[in-house]
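Asker: would you be able to build a 3D model of this:
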Amino acid sequence: MENQSSKNSFLIQGSILAFAGILVRVIGLVYRIPLNRILGDVGLGYYGTAFDFYNILILLSSQSMPLAVSKIISEKLERKQFKNAHKVFKGALLYGTVIGIAFGLFLFFCADWIAQTIYKMPPISVALRVLAPTLTIACILGVLRGYFQGMGNMVPTAVSQIFEQIVNAFVSILAAYELGAYGYSLSKIAGKAEESRDAYAAAGGTMGTLAGAFTALVFMIFIVWINKSIIYKRKKRDRTGIEDSYATITKVILLTITPVLLSTTIYNIGNLLDNPIYQNIMVTIFGSSEKTNSASWGIYSGYYRTLTTMPIAIASSLSTAIVPSLVRSYVTKDRLTVKSKVTLAQKFSMLIAFPCGMGLSVLGGPINALLFGSEIKDTILIMSFSIFTVVAFSLSTISNAILQGIDKLNVPIRNSAISLVIHLVVLPVLLIVFRLGIYAVVIGDFTFAMTVAILNSFSIKQYLGYKQEIHFTLIKPFISSVIMGICCLIVYKLGMLILNINAIWTVAAMIVSVVVYGVVLIFTKTVTEEELYSMPKGETLIYILKKVHLM
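Answerer: The predicted structure follows:
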């Protein structure tokens, strides 16, 4: 049996990764403001289109790499097969390098064909070629991150992500400006100066992604180098006498990465299909103009999804941390600890998802006004759906990780596929029959995620004999977030009546919300003292609460 500290350590590691993830998104939000201005509307279109195709290739090549590698590594380490763990690392590194080079070469040499044939935008070929080597780097980087995650150490991944984004931000802005000017001067004589400026500026923006990924790779290689003596000593401690051949290791890697890859692809492909489905239906059936559709999609993707993905990132970070932790408990057949970790992971995820979703729902318009400079009328209504999206995607993300952690790799594929089919039926119905426009996409999104979460819940019950805890995981956090939301709205509305300055009262309402939510959680005993101890800075938090007589 694991001790309590070991049981809950994944919460600490997940929180480290979550903090890094939020910081990365904040940096991304900040640097996109000057970058968007440099690129302009056309350049932004080239930049976004190039990234759409790049994201498809990332999804197919490296996105599932860290999770898959961490799962295999953690299993080998739990069995004390330290030599095999190192062999898995080397085998995965070779696999990642081969896959990365293959995808990189494909993008580099097919950039013109992709730009002209698929997107009918020849200028994006420059940006696609800049992104090509990033695919190779991303695959290798994914293996290195997965190696340390498998050891239960999320710090290298977290720090490398922060370095990656800082370099990305700086280089993107500088390169977009400089290459834009270069493109303008290069083709001015040909009479296509503006088109060349936009194409080269977009390529400059993608250069930041390449520079950031390279920086993260260098950092991770340095971390491996300073840990080489520890890795060598651990291999020497292997007394199992079991050493798999590289053929066996390769088979294990393929049998783990493939289902995780399929699951990740199916889970995320809905977002890639929503745009063409929405655009085609709105144009062909309703005769809506391209400009109107683009504006609506811009509100959805640029405001709604940008903000709702931030709290979902916390569930994603927690899921990254829980997989190796669950594997270790599952390998030792410690079902009690496995169930305890499942409960704790889901509860911690919901304690974050409910207040974040509720806050975005009641304060979505003012938050958009604070961040983006103007309150767009349509954002108020669309942001009201945030509570459903954040909770549904957080639940589905963490439940996918739980199933992968207990070695049921094919189950998330099946459940995501069923949910995707339902989503692809529901979305056109909402668009054509109910004529909901962009709101059909929003409803379709959280319908997909909630279907995945429900199917995963039944699967977890089937394979673990685990009954979903509802009272403390769902009901109490929801009630606490409703009380928080009401207080948040009252503070904002009353404040605006006294002094009509959005920034002051948006920030004030958020601060009040955090305090109210925390106090309600303590008074309703939603969070116990033992659970607080398992959270980052838990001892300090308990000390403060006892000082003010709240515990």
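
Asker: please make it C-alpha for all contacts and neighbour counts, starting now.
Answerer: OK.

Asker: I'd like the average pLDDT over stretch 179-192.
Answerer: Average pLDDT, stretch 179-192: 65.

Asker: please disregard the earlier target; I meant stretch 56-76.
Answerer: So the average pLDDT for stretch 56-76 ends up being 88.

Asker: what does stretch 199-218 give?
Answerer: Mean predicted confidence for stretch 199-218 is 92.

Asker: buried residues in that stretch?
Answerer: Of the residues in stretch 199-218, 199-217 count as buried by neighbour count, 16 or more other Cα atoms under 10 Å.

Asker: what's around the closest residue to Ile242 other than its chain neighbours, how many residues?
Answerer: Among residues not flanking Ile242 along the chain, Gln81 sits closest, at 6.9 Å (Cα to Cα, 6 or more residues apart in numbering). Gln81 is flanked by 24 other residues according to other Cα atoms under 10 Å.

Asker: and Phe458, what does it touch?
Answerer: If you count contacts by Cα atoms under 8 Å, 6 or more residues apart in numbering, Phe458 has none.

Asker: which residues touch the residue nearest to Ile242?
Answerer: Residues in contact with Gln81 (Cα under 8 Å, 6+ apart) are 238-240, 242-243.

Asker: ok, the residues you listed vs Gly40, which is closest?
Answerer: Nearest to Gly40 among the contacts of Gln81, counting by Cα to Cα, is Glu243 at 56.9 Å.

Asker: secondary structure class of the closest one, three-state.
Answerer: Of the three states, Glu243 takes coil according to DSSP: H, G, I helix; E, B strand; the rest coil.

Asker: which strands and helices lie in contact with the helix or strand containing Ala50?
Answerer: For Ala50, the element it lies in under DSSP states H and E is helix 4-61. Here helix 4-61 touches helix 82-109, helix 125-150, helix 155-186, helix 193-226, helix 246-284, helix 305-331, helix 335-372, helix 529-534, going by 3 or more Cα pairs under 8 Å, 6 or more residues apart in numbering; DSSP states H and E.

Asker: one more time with 7 Å
Answerer: helix 125-150, helix 155-186, helix 193-226, helix 246-284, helix 305-331 (3 or more Cα pairs under 7 Å, 6 or more residues apart in numbering; DSSP states H and E).

Asker: okay, those in JSON lines with distance to Val519 next?
Answerer: Shown next, in JSON lines, are the helices and strands packed on helix 4-61 (distance: least, Cα to Cα, whole Å):
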{"stretch": "helix 125-150", "distance to Val519": "34"}
{"stretch": "helix 155-186", "distance to Val519": "30"}
{"stretch": "helix 193-226", "distance to Val519": "39"}
{"stretch": "helix 246-284", "distance to Val519": "36"}
{"stretch": "helix 305-331", "distance to Val519": "21"}
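
Asker: which sections of the stretch 351-500 of the chain are below the confidence cut-off?
Answerer: 373-378 (pLDDT under 70).

Asker: mind listing what the residue nearest to Gly405 when sequence neighbours are not counted touches?
Answerer: Nearest residue to Gly405 in three dimensions, chain neighbours excluded: Val323, at 4.5 Å (Cα to Cα, 6+ apart). Neighbouring residues of Val323 by Cα atoms under 7 Å, 6 or more residues apart in numbering: 71, 401-402, 404-405.

Asker: check Gln13 too.
Answerer: Counting by Cα under 7 Å, 6+ apart, Gln13 touches 153-154, 321.

Asker: list just the nearest of those to Leu35.
Answerer: Out of those, the member with the shortest distance to Leu35 (by Cα to Cα) is Met154, at 30.3 Å.

Asker: can you give me the helices in the stretch 351-500 of the chain?
Answerer: Remark: helices assigned in the stretch 351-500 of the chain by DSSP state H, counting those that start in this stretch are 377-383, 386-405, 410-432, 438-464, 476-498.

Asker: just the CA atoms of the second one, as PDB, please.
Answerer: Taking C-alpha atoms only, helix 386-405 is exported to PDB below (Å, rounded to 0.1, in the frame of the first residue of the first chain):
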ATOM      1  CA  SER A 386     -18.800  28.400 -20.500                       C
ATOM      2  CA  ILE A 387     -19.900  26.400 -17.400                       C
ATOM      3  CA  PHE A 388     -21.100  23.500 -19.600                       C
ATOM      4  CA  THR A 389     -18.100  23.500 -21.900                       C
ATOM      5  CA  VAL A 390     -15.500  23.700 -19.100                       C
ATOM      6  CA  VAL A 391     -17.000  21.100 -16.900                       C
ATOM      7  CA  ALA A 392     -17.800  18.600 -19.800                       C
ATOM      8  CA  PHE A 393     -14.300  18.800 -21.300                       C
ATOM      9  CA  SER A 394     -12.600  18.700 -17.900                       C
ATOM     10  CA  LEU A 395     -14.500  15.500 -17.000                       C
ATOM     11  CA  SER A 396     -13.900  13.800 -20.400                       C
ATOM     12  CA  THR A 397     -10.200  14.700 -20.300                       C
ATOM     13  CA  ILE A 398      -9.600  13.300 -16.800                       C
ATOM     14  CA  SER A 399     -11.700  10.200 -17.500                       C
ATOM     15  CA  ASN A 400      -9.800   9.500 -20.700                       C
ATOM     16  CA  ALA A 401      -6.500   9.600 -18.700                       C
ATOM     17  CA  ILE A 402      -8.000   7.300 -16.000                       C
ATOM     18  CA  LEU A 403      -8.800   4.600 -18.600                       C
ATOM     19  CA  GLN A 404      -5.400   4.900 -20.200                       C
ATOM     20  CA  GLY A 405      -3.800   4.700 -16.700                       C
END
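
Asker: which strands and helices lie in contact with it?
Answerer: helix 305-331, helix 335-372, helix 438-464.

Asker: report the angle between the axes of the first one and helix 438-464?
Answerer: So the one you mean is helix 305-331. 10 degrees (axes from the mean of the first three to the mean of the last three Cα atoms, to 10 degrees).

Asker: pretty sure Ala115 is touching Ala127, no?
Answerer: No: in this structure, Ala115 is not within contact of Ala127 by Cα atoms under 7 Å, at 9.9 Å.

Asker: out of those two, which sits in the busier spot?
Answerer: Ala127 (27 against 22).

Asker: the more buried one and Gly40, how far apart?
Answerer: Ala127 sits 15 Å away from Gly40, going by Cα to Cα, to the nearest Å.

Asker: ok, Val130 next?
Answerer: 20 Å.
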